[in-house]
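J.: here are the coordinates; sequence isn't available:
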């Protein structure tokens, strides 16, 4: 019965094929293959299904079906001919030519076979010439880079060509096969900055999306050496550090992701376990975080690599095992150590930049989000509490400042975690007491923590009730501009806590306009320190939610010019303030302009608050 059904299905498939309905034909042939027990019938179905795939330009599937047909009959002309066509389309000329040679032995007088064989032979000859040419080019470029007597221009050109060649898969494979790994590893030690950069960038291109090459380069160069290259204070420039950062990222992405190679001929590819290699990378990056020998730029890159690669890209898939392991080996504590000196980078025992604390905040946020469940977050909170309390227990002013810096760091990142830490016994009291300290750094640390704690409206209301008077006093009476401008930003943030809803203003009508004028004074005064102008821009970023404030700012050419001037700097911490000002002034933030009257009536009936838009923000204006 099965034989009869298979024959009928094959005939139906033939009818669909002749009518050009290839998908239905494939279904018929597939079902016939499943139920047929006759080898000849299976052979015919495989060949016919391959013909359908060829018509649909599914060359990989066509090749596979031809191969299965040839396993039944090794000298089948149609199967060989169709596999030649599909292999040629897939770019596998050498395999196609091998089949063509087999075919011409079977049918030496067939003109179509002769033409195909001649064409493939011509292509093979051209590829062979090109391959030898590439091989010679690789060797020549490496020799130039090793030669100490070659002039700089020639070395620069050779280095650029090597990098360019490595970005093409065929070129990358040729470099790798011609002793590239060993040569490039040696070139990484070159004293010539350009040669070193060329070697790092070439290795990075070789590793991109290729697991086997990534593994070889990782084990040849070693992660320890790569981290030293990225973070050395002695012989590493920012450019070399960035190139090495990209190299490590290429390796990790390749080992964690899918190999870009297509493993043809295997029904199921065997996936290697790179867990130990990835763990060694994580441990080296963790060690860099609080290593006094690591440069400030290298440390920032290490933090970025942790943020990019330890948490899952998507919390809906996989597990949080990497994040838990990072916490287990002391990674969270190292992160907090680095963030604790963000209040004054110059006081840190290890070099950090102005952007380091913000980078730590981003990394902590990603790690915290990756934890997912309450149990894992409970472990996280315990570690945070222990760290903050241990600092306060020390009793020194430096420890208190570090604790405040950690709180600010958490509030800028995983806000929920920071809020829990502020709720610890004695933290708020210490924060308030530090605002009255004679030392400027202490006041700054406390004010920054107060400002960041008011990031949500519900929390801002608490600070308005308990800290607004304190901030006003600091702004009026402090002799330090650094303290005054931060107190001003705190007031701005509280004043704008209602957002664009004018019915929920925290301060008296007109107060936000007065605060904005003070901010613009700091912003437009060229004699003021850049840090002060940056803070004033952040203050305006909150106040420009108010229609009157944005109206005045749009007519203040000096203030607008000052905003664009500070935006041109490399300081990442200024970006948010400037962009927010421009978004608010142009009303280009996301908002729903469609008001449904029925929803308003429903809100009134249920006694829910209805936001009121500023007159100057309405579409009519």
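T.: Yep, that arrived. Quantities reported herein were computed from a predicted structural model and do not represent experimental measurements.

J.: need the contact list for residue 5.
T.: For residue 5, the contact set (CB atoms under 8 Å, 6 or more residues apart in numbering) comprises 32, 35. From N, CA and C alone the C-beta is placed, and that goes for glycine too.

J.: Locate it within the secondary structure: which element?
T.: Element membership of residue 5 [criterion: DSSP states H and E] is helix 2-18.

J.: Next, the buried residues of that helix.
T.: By neighbour count on 16 or more other CB atoms under 10 Å, the buried set for helix 2-18 is 6, 9, 10, 12, 13, 16, 17.

J.: can I get these in CSV with pLDDT and distance to residue 294?
T.: Shown next, in CSV, are the buried residues of helix 2-18 (pLDDT from 0 to 100; distance: CB to CB, whole Å):
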residue, pLDDT, distance to residue 294
6, 85, 69
9, 90, 68
10, 90, 69
12, 91, 70
13, 91, 66
16, 92, 67
17, 92, 66
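
J.: how close does residue 52 sit to residue 24?
T.: Using CB to CB, to the nearest Å, we find residue 52 at a distance of 9 Å from residue 24.

J.: of the two, who's got more company?
T.: The residue with more neighbours, out of residue 52 and residue 24, is residue 52; 25 against 15, by other CB atoms under 10 Å.

J.: if I pick that one, what's in contact with it?
T.: Contacts of residue 52 by CB under 8 Å, 6+ apart are 17, 22, 23, 25, 26, 29.

J.: got a list of what the fifth one touches?
T.: The reference is to residue 26. 13, 49, 52, 53.

J.: same check, this time on residue 152
T.: Contacts of residue 152 by CB under 8 Å, 6+ apart are residue 194.

J.: could you give me the average pLDDT of the top helix by length along the chain?
T.: For the chain, the helix with the greatest residue count under DSSP state H is helix 111-146. Averaged over helix 111-146, pLDDT sits at 74.

J.: Start at 40, not 1
T.: Sure, I'll start counting at 40 from here, so that last one is helix 150-185.

J.: and the angle from the helix or strand following it to helix 150-185?
T.: Per DSSP H and E, helix 150-185 leads on to helix 191-205 as the next helix or strand towards the C-terminus. Orientation check (axes from the mean of the first three to the mean of the last three CA atoms, to 10 degrees): helix 191-205 against helix 150-185 gives 140 degrees.

J.: any low-confidence regions in the stretch 390-539 of the chain?
T.: 493-506, 534-539 (pLDDT under 70).

J.: Which parts of it are helices?
T.: 395-410, 413-433, 436-451, 454-461, 466-474, 479-492, 496-516, 520-534 (DSSP state H, counting those that start in this stretch).

J.: how close does the residue sitting furthest away from the middle of the chain get to residue 142?
T.: For the chain, the largest distance from the centre (CA atoms, centre = their mean) belongs to residue 148, which lies 59.3 Å off. As for residue 148, its distance to residue 142 is 12 Å (criterion: CB to CB).

J.: again, but for residue 528
T.: Computed with CB to CB, the distance linking residue 528 and residue 142 is 79 Å.

J.: between the two, who's got more neighbours?
T.: Per other CB under 10 Å, whichever of residue 528 and residue 142 has more neighbours is residue 528, with 29 against 23.

J.: Spatially nearest residue to that one, not counting backbone neighbours?
T.: Spatial nearest neighbour of residue 528, chain neighbours left out: residue 578 (4.3 Å); criterion: CB to CB, 6 or more residues apart in numbering.

J.: what comes up buried for whichever strand or helix holds the one you found?
T.: For residue 578, the host element (DSSP H and E) is helix 569-582. Under the neighbour-count criterion of 16+ other CB under 10 Å, helix 569-582 has 570-582 buried.

J.: Between the helices of the stretch 390-539 of the chain, which one is closest to residue 256.
T.: Nearest to residue 256 among the helices of the stretch 390-539 of the chain is helix 395-410; the distance by CB to CB comes to 25.7 Å.

J.: From the contact counts, what lies against that closest one?
T.: Packing partners of helix 395-410 (3 or more CB pairs under 8 Å, 6 or more residues apart in numbering; DSSP states H and E): helix 335-348, helix 360-367, helix 370-378, helix 413-433, helix 436-451, helix 454-461.

J.: From residue 257, how far off is residue 250?
T.: Distance of residue 250 to residue 257, given as CB to CB: 10 Å.

J.: Between those two, which is the more surrounded one?
T.: A count of neighbours by other CB under 10 Å puts residue 257 above the other of residue 250 and residue 257, at 24 against 20.

J.: Neighbours of the closest residue in space to that one that isn't next to it in sequence, how many?
T.: Nearest residue to residue 257 in three dimensions, chain neighbours excluded: residue 290, at 5.4 Å (CB to CB, 6+ apart). The local packing of residue 290 (other CB under 10 Å) involves 28 other residues.

J.: Confirm that residue 290 lies within a strand, as I assumed.
T.: No: assessed with DSSP: H, G, I helix; E, B strand; the rest coil, residue 290 is helix; it does not lie in a strand.

J.: quick one: residue 487 and residue 525 touch, right?
T.: Yes: using CB atoms under 8 Å, residue 487 makes contact with residue 525 at a distance of 6.3 Å.

J.: Between the two, which is the more surrounded one?
T.: residue 525 (28 against 24).

J.: Look up how far residue 551 lies from the closest residue to that one other than its chain neighbours.
T.: Spatial nearest neighbour of residue 525, excluding adjacent residues (CB to CB, 6+ apart): residue 486 at 4.3 Å. Residue 486 sits 19 Å away from residue 551, going by CB to CB.

J.: the more surrounded of the two?
T.: It is residue 486, of residue 486 and residue 551, that has more neighbours when counted by other CB under 10 Å, with 30 against 25.

J.: returning to what we had before: go through the longest helix of the chain and flag the buried ones.
T.: Buried residues in helix 150-185 (16+ other CB under 10 Å): 152, 155, 156, 159, 163, 173, 176, 177, 180, 181, 183, 184.

J.: Find the pair from these with maximum spatial separation.
T.: The distance between the two most remote of those (CB to CB) is 47.7 Å, for 152 and 184.

J.: coming back round to it: among the contacts of residue 91, which lie within strands?
T.: If you go by DSSP state E, the contacts of residue 91 have nothing in strands.

J.: Closest to residue 395 out of these?
T.: residue 62 (57.5 Å).

J.: Check the burial of that closest one by counting its neighbours.
T.: Number of residues near residue 62 (other CB under 10 Å) recorded here: 9.

J.: next one: the one 5 residues further on
T.: Neighbourhood size, residue 67 [other CB under 10 Å]: 25.

J.: Ok, residue 247 next?
T.: Neighbour count for residue 247, taken as other CB under 10 Å: 21.

J.: on that earlier part again, could you save the buried residues of helix 569-582 as TSV and add columns showing pLDDT and distance to residue 617?
T.: Output for the buried residues of helix 569-582, formatted as TSV (pLDDT from 0 to 100; distance: CB to CB, whole Å):
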residue	pLDDT	distance to residue 617
570	87	14
571	89	15
572	90	11
573	90	9
574	90	12
575	90	11
576	91	6
577	88	9
578	88	12
579	90	9
580	88	8
581	85	13
582	85	14
